[in-house]
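A.B. asks: Dropping a prediction and its sequence here:
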Amino acid sequence: MSEVEPASGLPGDPDGYQRLWTPHRMVYIKGENKPESAAAEACPFCRVAGLDDGEALIVHRGELAFVVLNLYPYAPGHLLICPNRHIADWTEASPAERAEIGELTAKAMTVLRAVSAPGGFNLGVNQGSVAGAGIAAHLHQHVVPRWLGDANFFPVVGQTKAIPQLLSDTRAALADAWDRS
């Protein structure tokens, strides 16, 4: 008898494919953490700003903005820079908020380089849900560290991201390095 029996066509039967089960992703797929409205009371970024840093995965708090780990990261260490104010558009940010978001973005890159040595970064702001903003009601800048070869077959074929570290461990390492950088 072979190690893998022929598939019967029923779900769950062996068929020769290896599978990486990521049931935690169903929360994101089903939109369970998406706000029901654009109001600040429903906004996850406004909610986490009121929590303990460790619980909220906040790496650093500035005067006008904060740095938080993305709950659904594209890559390990994927950070979001969010203004404290509940605003949706870059044009609504004050010059001081835009300046601090820029400074925090630069600092995030420095810290990520010190902690995990990425070869590059993707930086971006998605304005509006049609532009890919998962939480369109609250402005946020993405800082995504990248490594050579990190865009392998998982996201292309399997539509899966492999994140090798718990978010709480990533947050602790980045917060510690933030204070030292």
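C.D. replies: Received it, and whenever you're ready, just let me know what you need.

A.B. asks: Which residue ranges of this protein form helices?
C.D. replies: Assigned by DSSP state H, the chain shows helices spanning 26-29, 44-49, 53-56, 95-116, 153, 167-180.

A.B. asks: any idea which of these scores lowest on pLDDT?
C.D. replies: The minimum mean pLDDT among these belongs to helix 153 (a mean of 46).

A.B. asks: What backbone torsions are found at the residue nearest to the spatial centre of the chain?
C.D. replies: The residue lying closest to the centre of the chain (C-alpha atoms, centre = their mean) is residue 70, at 2.4 Å. Phi and psi for residue 70, reported as degrees, to the nearest 10, are phi -70, psi 130.

A.B. asks: hang on, it packs against residue 78?
C.D. replies: Yes - here residue 70 lies in contact with residue 78, judged by C-beta atoms under 8 Å, at a distance of 4.3 Å. For glycine as for every other residue, the C-beta is placed from the backbone atoms N, C-alpha and C.

A.B. asks: Report the set of residues contacting both of these two.
C.D. replies: residue 142 (C-beta atoms under 8 Å, 6 or more residues apart in numbering).

A.B. asks: and the gap between the residue nearest to the centre of the chain and residue 173?
C.D. replies: 15 Å (C-beta to C-beta, to the nearest Å).

A.B. asks: Enumerate the beta-bridge partners assigned to residue 60.
C.D. replies: Using DSSP bridges, the beta-bridge partners of residue 60 come out as residue 67.

A.B. asks: That one: neighbour count?
C.D. replies: By other C-beta atoms under 10 Å, 19 other residues sit near residue 60.

A.B. asks: what does the model give it for pLDDT?
C.D. replies: 97.

A.B. asks: contacting residues for it?
C.D. replies: Contacts of residue 60 (C-beta under 8 Å, 6+ apart): 66-67, 104, 107, 175, 178.
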